[in-house]
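Asks: need coordinates for the below:
(4 chains)
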Number of protein chains: 2
Amino acid sequence: MHFTHEKEREEKVELRQIRYFIEVAKREHVTEAADALHVAQSSVSRQIFNLESELGVDLFIREGRNVKLTPIGKIFLERMKHGLNVIDEAEREVREYLAPEKGTIRIAFPISLAAHTLPTAIYAFRKQYPDAKFILKQARYQELIEGVVKGDFNLAMIAPLPPSEERKVHRKILFTDNIVALLPLHHPLAKKDSINLRELKDDPFVVLPEGYVFRDMVINACHDYGFSPTISFEGDDIDALKGLVSAGLGIALMPEVTLVDNIPNSTVKVRLNEHSVKRTVGIIWPTQRALLPTEKLFFDFLNEFYTRLVHFNQ
Amino acid sequence: MHFTHEKEREEKVELRQIRYFIEVAKREHVTEAADALHVAQSSVSRQIFNLESELGVDLFIREGRNVKLTPIGKIFLERMKHGLNVIDEAEREVREYLAPEKGTIRIAFPISLAAHTLPTAIYAFRKQYPDAKFILKQARYQELIEGVVKGDFNLAMIAPLPPSEERKVHRKILFTDNIVALLPLHHPLAKKDSINLRELKDDPFVVLPEGYVFRDMVINACHDYGFSPTISFEGDDIDALKGLVSAGLGIALMPEVTLVDNIPNSTVKVRLNEHSVKRTVGIIWPTQRALLPTEKLFFDFLNEFYTRLVHFNQ
DNA sequence: TCTTTTTCATGCGTAAAATGCATTGATTAT
DNA sequence: ATAATCAATGCATTTTACGCATGAAAAAGA
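Replies: Numbering: from 1, shown residues only, chains lettered A, B, ... in the order given. Next up is the predicted model:
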């Protein structure tokens, strides 16, 4: 058969230009990008100019002394972030090939696992692989899933585990975590070992703000047991909730792991009799990409670690 | 290569190196790759060396005077092909953004659509967009689907359309094409306007070789009407079948479009009464990627073109 | 076996590209 | 009005890529 030929150009786009472009694009600021790249501003400016003339398209609008992405520039940015990501990953994969135990794990996590769960796992992993490095990123629930899909990171701890209908990520449960009540020390129920959720129906609740998955879990759990909680205050994170309870401004439900080694002053942890009030803690990873060698190492470790831990606790 | 003093370079991998690497990798031959790239052999050799020292990994095994990919080299090749593809696509997208009608359409097709269907469509398209360019690739049935999935091309004409359970590609029917019989001029049934497939049950069939989808379609159609065809000869493509029929070595079934303006000497086209003996002709495109501007233009054109054509024929 | 050819690697001078510095010209903040 | 900030550009310098010539090793041919 027959092939039409593309006209051959001499100049080709190079990764250097793409790297510079991405830095400039996400800051919309040449000088700052140059600082971040540890090169002179003139150098960046010139490479952007070259890139634009090679493509034959304006990527930035020069407005006074600022630069702004054009519409096509935004499209180009998205594509280039993806492409550069693929190449960077491949590079890391190859570099780690010979010595996975010295590589890097990029992992994201929600705030509720930041204090105890993740540090414990990392500590245990590093006893076995002391040269492994971690890049940690705290993120909100939806960001965790999107980040794994988009390629910002390849692993994310998450709770609760998203439904398996989510085709976009693989998922694996690590353990289930009880939800417990945190009460002020002087609360009438504070001396009890465990209570029924319904006993809290007239108490003021402190919860996370709208949009947090755990807030909805708390409210739904109450509904399941026949009441609508009165919300007295909202706190931006788990620690804020602890502070509010500690100050006597209400009671809170929270995952038990957030209280390990860390029960605030003037508060008491009380178990719930309802065994269904719990959440799953697990890990998600991409369906479209493979884990890098070191990440695979950590992933396998996590599975074994929690299998043994759960077994031990029973 | 030997790493005695692995000094950490500050250098980063560049697309030039990746382009050179891919050429060398797929040929396993430095000199030929250099020729294809229009640069000196020494230049390629050096860039490969640089790439390997930057990655800290051997990508090739030097065996005597040839080079062979290492296992990790093969992995790296796959990743890099993907990454470079993403970047090249983005580049073309941006280039075509300002003038889609002057861009390039990459499209693959099976041999059966090469003679009439695709040329007709391209001819009509180019009347409307004279500056559009085409890169055409003939491929076998499975290669068409895999090529669209893998990103070798974004569009493929295909017949029959793969089942919609194939989640990996989008699909759209363009028209249905009758299967007709091609008989030698002196065949007893040659004077009839149309026949029943069963009337051919004792004739020797010439068909495509094993592995072709259309071969299976022919045999299955015969089975559907109660007989197993006797196969006298196999021909490597549709034109070979025509030649065999023309030489009186058997009869053949073929899609009607392959006979438009092109009925061989000493043969006759005879319709089949069975209306179920037909095949769908359609187009597939990736689920994971978007069509480039010019490709979108052609895609929309095809849909409109065949909508009108089918309407006109009814 | 000895020669010739093929092939990849490398030393070296040259060409091309990227960089940094200094400066310009324009815009914004004080 | 003055100073500060910023992107672009001219120019000298450094860095990198390149081609040529050559070497070393291996395969092919005589």
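
Asks: can you give me the strands in the stretch 201-314 of chain A?
Replies: Along the stretch 201-314 of chain A, the stretches classed as strands by DSSP state E, counting those that start in this stretch are A:204-207, A:230-234, A:252-255, A:267-272, A:278-286.

Asks: and the longest one, what's buried?
Replies: Within strand A:278-286, the residues that count as buried by 16 or more other CB atoms under 10 Å in any protein chain shown are A:K278, A:R279, A:V281, A:G282, A:I283, A:I284, A:W285, A:P286. Quick note: C-beta positions are derived from backbone N, CA and C, even for glycine.

Asks: could those residues go into JSON lines alongside distance to B:V67 and pLDDT?
Replies: Formatted as JSON lines, the buried residues of strand A:278-286 follow (distance: CB to CB, whole Å; pLDDT from 0 to 100):
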{"residue": "A:K278", "distance to B:V67": "58", "pLDDT": "88"}
{"residue": "A:R279", "distance to B:V67": "54", "pLDDT": "89"}
{"residue": "A:V281", "distance to B:V67": "49", "pLDDT": "92"}
{"residue": "A:G282", "distance to B:V67": "45", "pLDDT": "92"}
{"residue": "A:I283", "distance to B:V67": "40", "pLDDT": "95"}
{"residue": "A:I284", "distance to B:V67": "40", "pLDDT": "94"}
{"residue": "A:W285", "distance to B:V67": "35", "pLDDT": "92"}
{"residue": "A:P286", "distance to B:V67": "33", "pLDDT": "89"}
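
Asks: could you say which helix or strand holds the closest residue to DNA strand D within the stretch 1-150 of chain A?
Replies: Residue nearest to DNA strand D within the stretch 1-150 of chain A (CB to the nearest atom of the strand): A:S42, separated by 2.9 Å. Element membership of A:S42 [criterion: DSSP states H and E] is helix A:41-55.

Asks: ok, back up a step: out of the strands of the stretch 201-314 of chain A, which gets nearest to DNA strand C?
Replies: Closest among those, using CB to the nearest atom of the strand: strand A:278-286, at 32.1 Å.

Asks: the closest one: how far from the chain's middle?
Replies: The chain centre lies 12 Å from the centre of strand A:278-286; the measure is CA atoms, centre = their mean, to the nearest Å.

Asks: do that strand and chain B meet?
Replies: No. Against chain B, strand A:278-286 shows no contacts by CB under 8 Å from any CB of the partner chain, the least distance being 13.0 Å.

Asks: show me what that strand is packed up against.
Replies: helix A:141-150, strand A:155-158, strand A:169-184, helix A:293-313 (3 or more CB pairs under 8 Å, 6 or more residues apart in numbering or on different chains; DSSP states H and E).

Asks: sketch out the low-pLDDT regions of the stretch 151-300 of chain A for me.
Replies: A:165-166 (pLDDT under 70).

Asks: can I get the strands of the stretch 201-314 of chain A in JSON lines including distance to A:K150?
Replies: JSON lines is the format used below for the strands of the stretch 201-314 of chain A (distance: least, CB to CB, whole Å):
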{"stretch": "strand A:204-207", "distance to A:K150": "29"}
{"stretch": "strand A:230-234", "distance to A:K150": "29"}
{"stretch": "strand A:252-255", "distance to A:K150": "27"}
{"stretch": "strand A:267-272", "distance to A:K150": "37"}
{"stretch": "strand A:278-286", "distance to A:K150": "9"}
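
Asks: so which of those strands is nearest DNA strand D?
Replies: Per CB to the nearest atom of the strand, nearest to DNA strand D of those: strand A:278-286, 31.7 Å.

Asks: can you pull the phi/psi pair for the residue of the stretch 201-314 of chain A found nearest DNA strand D?
Replies: Of all residues in the stretch 201-314 of chain A, A:L292 sits closest to DNA strand D, at 25.6 Å by CB to the nearest atom of the strand. Backbone torsions of A:L292, given as degrees, to the nearest 10, read phi -70, psi 160.

Asks: what sits closest to A:V44 if chain neighbours are left out?
Replies: Sequence neighbours aside, A:A34 is the residue nearest to A:V44 in space, at 4.4 Å (criterion: CB to CB, 6 or more residues apart in numbering or on different chains).

Asks: wait, isn't the one you found in contact with A:I48?
Replies: No. With contact defined as CB atoms under 8 Å, A:A34 does not reach A:I48; the gap is 10.4 Å.

Asks: contacts for stretch A:248-268?
Replies: Stretch A:248-268 is contacted by residues A:112-113, A:115-117, A:159, A:177-187, A:190, A:200, A:203-207, A:214, A:218, A:221, A:232-233, A:238, A:241-246, A:269, A:277, A:279, A:281 when judged by CB atoms under 8 Å, 6 or more residues apart in numbering or on different chains.

Asks: which element is the closest residue to A:Y97 other than its chain neighbours on?
Replies: Nearest residue to A:Y97, sequence neighbours excluded (CB to CB, 6+ apart): B:I72, at 4.9 Å. Using DSSP H and E, B:I72 sits within helix B:71-97.

Asks: hmm, that helix touching DNA strand C?
Replies: No. Taking CB under 7 Å from any atom of the strand as the criterion, helix B:71-97 and DNA strand C are apart, separated by no less than 12.5 Å.

Asks: who does whatever helix or strand comes next after that helix pair up with?
Replies: Per DSSP H and E, helix B:71-97 leads on to strand B:104-109 as the next helix or strand towards the C-terminus. Paired strands of strand B:104-109, with direction, are strand B:133-138 (parallel), strand B:155-158 (parallel) (DSSP bridges).

Asks: show me how far stretch A:219-227 is from its chain's centre.
Replies: 28 Å.

Asks: what does it rub up against?
Replies: A:179, A:196-198, A:201, A:205, A:207, A:228-229, A:253, A:274, A:276-277.

Asks: same deal with stretch A:197-216?
Replies: Residues contacting stretch A:197-216 (CB under 8 Å, 6+ apart): A:112, A:140-141, A:160, A:181, A:187, A:189, A:218-219, A:221-222, A:225-227, A:229-238, A:241, A:244-245, A:249-255, A:272-274, A:277, A:279.

Asks: the same query, at a cut-off of 7 Å, please.
Replies: For stretch A:197-216, contacts defined as CB atoms under 7 Å, 6 or more residues apart in numbering or on different chains pick out A:112, A:141, A:160, A:181, A:189, A:218, A:221-222, A:225-227, A:229-236, A:241, A:244-245, A:249-252, A:272, A:274, A:277.

Asks: narrow those residues to just the buried residues.
Replies: In these, burial by neighbour count holds for A:112, A:141, A:160, A:181, A:189, A:218, A:221-222, A:225, A:229, A:233-235, A:241, A:244-245, A:249-252, A:272, A:274, A:277, counting by 16+ other CB under 10 Å.

Asks: and the gap between the residue of the stretch 201-314 of chain A found nearest DNA strand C and A:K102?
Replies: Nearest to DNA strand C, among the residues of the stretch 201-314 of chain A, is A:P293, at 25.6 Å (CB to the nearest atom of the strand). From A:P293 over to A:K102 the distance is 10 Å, taken as CB to CB, to the nearest Å.

Asks: which of these two has more neighbours?
Replies: Between A:P293 and A:K102, counted using other CB atoms under 10 Å in any protein chain shown, A:P293 has the larger neighbour count: 18 against 14.

Asks: contacts only, for that one.
Replies: A:E93, A:E96, A:Y97, A:P100, A:G103.

Asks: and if we set it to 10 Å?
Replies: A:R92, A:E93, A:V94, A:R95, A:E96, A:Y97, A:L98, A:A99, A:P100, A:E101, A:G103 (CB atoms under 10 Å, 6 or more residues apart in numbering or on different chains).

Asks: what do you get for A:H29?
Replies: So A:H29 contacts A:E23, A:D35, A:A36, A:R65, A:N66, A:V67 (CB under 10 Å, 6+ apart).

Asks: please list which of these also come close to DNA strand C.
Replies: Applying CB under 7 Å from any atom of the strand to the contacts of A:H29, those adjacent to DNA strand C are A:R65.

Asks: which of the contacts of A:H29 fall in strands?
Replies: Counting by DSSP state E, these place A:N66, A:V67 in strands.
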